[in-house]
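Undergrad: here you go, sequence then predicted model.
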Amino acid sequence: MISSAIAQTANGAGQAVSVLNNPSLWVAISFILFLALLAKPAWKFITSSLDKKINEIRTKIEEATKLREEAQDILAAHKRKLSDAEKEADDIINQAREEVQRLRTRLTEDLENALQRREKLAMDRIAQAENDAQEEVRALTTDIALAAARSLLADAVRNDKADALINDAITELPEKLN
């Protein structure tokens with residue numbers, strides 16, 4: 001048995017020696033060893049690269065989220081400012097309308113007062129013109145009456161009587177002037 005085991009071992013050793021001399025086996029073994037030795041650093045490199053990329057993406061997402069929140073805050077602030085500006089514009093327009101109404105009222109009153117003053121002035125001028133016309137008519141009438149009276153008196157009173165009347169008028173004149 002031993003001899004048959006040795007013989008089988010010798011036959012198997014021959015086969016074993018021939019398997020060990022097979023270059024394909026050694027290439028396969030060395031490839032597996034190479035992969036085993038390279039797998040751990042490659043795995044670390046790949047996982048660290050992926051982790052870095054994940055962290056970069058996460059950072060960008062967080063940054064984008066912050067930027068979005070800031071943009072929403074800015075948008076809300078601008079909407080508030082726009083709304084405040086619209087309210088202020090409405091207030092300004094309302095104040096302007098009120099001011100225009102007050103100005104219109106004041107100008108209307110001023111115009112009415114000016115028209116009343118002009119009407120009164122015109123009425124005063126008309127009254128003055130009437131008075132002046134009446135005075136002229138009176139003066140003209142008086143002049144006509146005096147002229148008529150002179151001519152009547154001149155015809156009625158002759159020289160002697162005229163001299164006496166003139167002398168009486170001259171003596172009465174200083175009394176009438178005082």
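TA: Received, thanks.
Undergrad: next, count neighbours for Lys87.
TA: Counted with other C-beta atoms under 10 Å, the neighbours of Lys87 add up to 10. Every C-beta, even on glycine, is put in place using the N, C-alpha and C of the backbone.
Undergrad: quick one: average pLDDT of stretch 107-124?
TA: Confidence over stretch 107-124 (mean pLDDT, whole number) is 94.
Undergrad: please apply the same query to stretch 171-178.
TA: Here the mean pLDDT over stretch 171-178 is 73, rounded to a whole number.
Undergrad: cool, and stretch 128-147?
TA: This predicted structure assigns stretch 128-147 an average pLDDT of 86.
Undergrad: starting at the chain centroid, how far to that stretch?
TA: Here stretch 128-147 is found 71 Å from its chain centre; the criterion is C-alpha atoms, centre = their mean, to the nearest Å.
Undergrad: longest helix in this structure, please.
TA: helix 23-156 (DSSP state H).
Undergrad: what's the first helix or strand after that helix?
TA: The helix or strand immediately downstream of helix 23-156 is helix 159-177, counting by DSSP states H and E.
Undergrad: now that next one and helix 23-156, what's the angle there?
TA: With axes from the mean of the first three to the mean of the last three C-alpha atoms, to 10 degrees applied, the angle from helix 159-177 to helix 23-156 works out at 140 degrees.
Undergrad: export helix 159-177 as PDB, just CAs?
TA: Coordinates of each C-alpha in helix 159-177 appear next as PDB, following Å, rounded to 0.1, in the frame of the first residue of the first chain:
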ATOM      1  CA  ASN A 159     -78.100 201.300 -17.600                       C
ATOM      2  CA  ASP A 160     -79.000 203.100 -14.300                       C
ATOM      3  CA  LYS A 161     -80.600 200.200 -12.800                       C
ATOM      4  CA  ALA A 162     -77.700 198.000 -13.900                       C
ATOM      5  CA  ASP A 163     -75.200 200.200 -12.300                       C
ATOM      6  CA  ALA A 164     -77.100 200.200  -9.000                       C
ATOM      7  CA  LEU A 165     -77.400 196.400  -9.000                       C
ATOM      8  CA  ILE A 166     -73.700 196.000  -9.700                       C
ATOM      9  CA  ASN A 167     -72.800 198.300  -6.900                       C
ATOM     10  CA  ASP A 168     -75.100 196.500  -4.500                       C
ATOM     11  CA  ALA A 169     -73.600 193.100  -5.500                       C
ATOM     12  CA  ILE A 170     -70.100 194.500  -5.000                       C
ATOM     13  CA  THR A 171     -70.900 195.600  -1.500                       C
ATOM     14  CA  GLU A 172     -72.600 192.300  -0.600                       C
ATOM     15  CA  LEU A 173     -69.700 190.200  -2.100                       C
ATOM     16  CA  PRO A 174     -67.300 190.400   0.900                       C
ATOM     17  CA  GLU A 175     -70.100 189.300   3.200                       C
ATOM     18  CA  LYS A 176     -71.100 186.300   1.000                       C
ATOM     19  CA  LEU A 177     -67.500 185.100   0.700                       C
END
